[in-house]
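> A structural model of the following input is requested.
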Amino acid sequence: MNDTAGAGVLQERDGSTLLVTLNYPARRNALSMPIREALIAAFEHAEADRDIRAVVLTGAGGTFCAGGDISGMNVTDLAQGRERFRVTHRLVKLMVHARVPIVAAVEGFAVGAGLSLALCCDTVVAAEDARFGAPFPRLGLIADCALNHTLPLRIGAGRARQMLLYGEQMDAATAERIGLIDHLVPKGAALDLAMQRAKALAENAPLSLALTKALLAEGLDAALDRERDMQSTLFLTADHAEGRDAFLAKRKPMFRGV
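Now for the predicted structure:
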């Protein structure tokens, strides 16, 4: 195996499988902009190297990803918000449109943008201690990183509506029952099974997998365009400022609809 380190992202090669690890344990692998850039570099590497036939995505320190880096959400104008999504949507498109299949290995939290990241993968393996949620309304935002597109495809429009509107957390057993995840394993075992599933995928015809993924990704780009327009506007609202401040202060937000 050959190890390389990026800005908060580790890459490790195991035969034809590339293991990509979010490595920001101090913030439970929150998706800061530098980490998003590092993930882009990792998936561009996977796309360019024809010897890589599958990717496994996981998080260090017993957590997959606790969401966006709230402390870094300091968008002050529309152009800044749109630039943020230019970068983020580049990552989403690299994953969903990738020629290689991607398997998520989830331990601990996969909430907010962390849930979005997991659902950009083709297979989701989760440990029994995993927790899932889309708490965007508590920050005065809509779901992003394609979650409004990927979540209904996973669990149906009705269940997706409940997750997106209430923002409540879900345990791993419930997530398996409704189809949010594909495999449920004991705590600490997610990565082992994810690597096994990746190796199984790597044995299939790569062009067949790539074109299947392309068909399943139809509609993504239009959804991302709408997401960018709406979320860039919400970043500038008083409710988002209140939600962000309340989160950082660990208090209940008081929203006013402005």
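> so where is the stretch 1-150 of the chain shaky, pLDDT-wise?
1-7, 72 (pLDDT under 70).
> what's the closest non-adjacent residue to T58?
Ranked by CB to CB, 6 or more residues apart in numbering and with sequence neighbours excluded, the top spatial neighbour of T58 is A105, at 3.9 Å. (Each C-beta comes from the backbone N, C-alpha and C, glycine too.)
> In this structure the one you found contacts A130, no?
No: in this structure, A105 is not within contact of A130 by CB atoms under 8 Å, at 10.0 Å.
> joint contacts of the two?
By CB atoms under 8 Å, 6 or more residues apart in numbering, A105 and A130 have these common neighbours: 64, 190.
> would you say the residue nearest to T58 is within a strand?
Yes: remark: A105 belongs to a strand, assigned using DSSP: H, G, I helix; E, B strand; the rest coil.
> G62 versus that one, what's the distance?
Using CB to CB, to the nearest Å, we find A105 at a distance of 12 Å from G62.
> Between those two, which is the more surrounded one?
Taking other CB atoms under 10 Å, A105 and G62 do not tie; A105 has more neighbours (30 against 15).
> residues in contact with that one?
If you count contacts by CB under 8 Å, 6+ apart, A105 has them with 56-58, 64, 125, 190-191, 193-195.
> ok, now F247?
For F247, the contact set (CB under 8 Å, 6+ apart) comprises 70, 138-139, 253.
> Helix or strand: which one has it?
helix 238-249 (DSSP states H and E).
> Just the CA trace of that helix, in CSV.
Provided in CSV are the C-alpha atoms of helix 238-249 (Å, rounded to 0.1, in the frame of the first residue of the first chain):
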residue,chain,number,x,y,z
ALA,A,238,-31.2,37.0,9.1
ASP,A,239,-32.6,33.5,9.8
HIS,A,240,-29.4,31.8,8.6
ALA,A,241,-27.3,34.2,10.7
GLU,A,242,-29.4,33.4,13.7
GLY,A,243,-29.2,29.6,13.1
ARG,A,244,-25.4,29.8,12.7
ASP,A,245,-25.0,31.9,15.9
ALA,A,246,-27.3,29.7,17.9
PHE,A,247,-25.5,26.5,16.8
LEU,A,248,-22.1,27.9,17.8
ALA,A,249,-23.5,29.2,21.1
